[in-house]
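Undergrad: Sequence below, structure please.
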Amino acid sequence: MPFSALYSRNVEDLLFARRNISTSHSALSSTRVVATCAVIGQAVGTAAALCNGYNSCRRQLRKPR
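TA: Predicted coordinates:
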C-alpha cells in the first residue's frame, strides 16, 4: 500500500487511518479487516512521530534523505 493512500492531498499534514483511506472499490474490502486497520494505524502513528521528530511535514517523509 503506498503511503500516499494515507494522507490528504488538500489538507496539509492530515493523515488517515482505518477505513477512510484512499482505495479502489476492489481493494476496499481488504482494508476493512481489523488486523489491516491495526497495521495502518501503526503506520500512520509512526509517520506522525517521524514528522514530529524531524519537525517536517508528511510530504517530506517521501523524499530520500
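
Undergrad: Can you list the low-confidence ranges for the protein?
TA: Regions of the chain meeting the criterion pLDDT under 70 cover residues 62-65.

Undergrad: run the last query once more with 90
TA: Residues of the chain meeting the criterion pLDDT under 90: 1-41, 43, 51, 53-65.

Undergrad: Just give me the longest helix of this protein.
TA: For the chain, the longest helix by residue count, based on DSSP state H, is helix 34-54.

Undergrad: CA atoms only for that one - export them in PDB, please.
TA: Below are the C-alpha coordinates for helix 34-54, written out as PDB (Å, rounded to 0.1, in the frame of the first residue of the first chain):
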ATOM      1  CA  VAL A  34      -9.400  -5.500  11.900                       C
ATOM      2  CA  ALA A  35      -5.700  -6.600  11.500                       C
ATOM      3  CA  THR A  36      -5.300  -4.400   8.500                       C
ATOM      4  CA  CYS A  37      -6.800  -1.500  10.300                       C
ATOM      5  CA  ALA A  38      -4.300  -2.000  13.200                       C
ATOM      6  CA  VAL A  39      -1.300  -2.100  10.900                       C
ATOM      7  CA  ILE A  40      -2.500   1.000   9.000                       C
ATOM      8  CA  GLY A  41      -3.000   2.800  12.300                       C
ATOM      9  CA  GLN A  42       0.600   1.800  13.400                       C
ATOM     10  CA  ALA A  43       2.000   3.200  10.100                       C
ATOM     11  CA  VAL A  44       0.100   6.500  10.500                       C
ATOM     12  CA  GLY A  45       1.300   6.800  14.100                       C
ATOM     13  CA  THR A  46       4.900   6.100  13.000                       C
ATOM     14  CA  ALA A  47       4.600   8.700  10.200                       C
ATOM     15  CA  ALA A  48       3.200  11.300  12.700                       C
ATOM     16  CA  ALA A  49       6.000  10.600  15.100                       C
ATOM     17  CA  LEU A  50       8.600  11.000  12.300                       C
ATOM     18  CA  CYS A  51       7.000  14.300  11.200                       C
ATOM     19  CA  ASN A  52       7.200  15.500  14.800                       C
ATOM     20  CA  GLY A  53      10.700  14.200  15.400                       C
ATOM     21  CA  TYR A  54      12.100  15.700  12.200                       C
END
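
Undergrad: Great, nothing more from me.
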